[in-house]
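> how would this look folded up:
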Amino acid sequence: RISKFICTIFLFILCLVGLIAFILWLSLRPHRPRFFVEDFTMLSLAQLNVSPQSVQVHFNVTIRNPNQKVEVHYDSISCTLYY
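Now for the predicted structure:
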């Protein structure tokens, strides 16, 4: 009879710990940030007398971060274009 009581208490504690771990996992699981190129233009590319090294490139990137506790930091972005 005591062994049944101890087994019941052990299973209750195990279920409680499992429920707490599941709730913590749901609230803290990270999601990947998403990067979108919204606008991309290459100025002066249609002109014949412009060298490929002097073409100006403008682009807008939007970052969507669904995480409230995780931040995205960056210092600089380099881009290489081949055509």
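
> Using the three-state scheme, assign L14.
Using DSSP: H, G, I helix; E, B strand; the rest coil as the criterion, the local structure at L14 reads helix.

> Just give the number of residues close to it.
Taking other Cβ atoms under 10 Å as the neighbour definition, L14 ends up with a count of 10. Any C-beta I mention is one placed from the backbone N, CA and C, and that applies to glycine too.

> Just the pLDDT at it, thanks.
Looking at L14, its pLDDT reads 96.

> what residues are up against it?
Not one residue lies near L14 by Cβ atoms under 8 Å, 6 or more residues apart in numbering.

> Distance of it relative to S27?
Computed as Cβ to Cβ, to the nearest Å, the L14 to S27 distance reads 21 Å.

> The closest residue to N65 other than its chain neighbours: neighbour count?
Taking Cβ to Cβ, 6 or more residues apart in numbering, and ignoring the residues beside it in sequence, N65 has P33 as its nearest neighbour in space, at 4.4 Å. As a burial measure, the neighbour count of P33 was computed by other Cβ under 10 Å and equals 13.

> how near is P33 to F59?
The spacing between P33 and F59, counted by Cβ to Cβ, is 18 Å.

> Equivalent analysis for N67, please.
Looking at N67 against F59, where the rule is Cβ to Cβ, the gap reads 24 Å.

> Secondary structure of H58: a strand, I assume?
Yes - when classified by three-state DSSP, H58 is found to be part of a strand.
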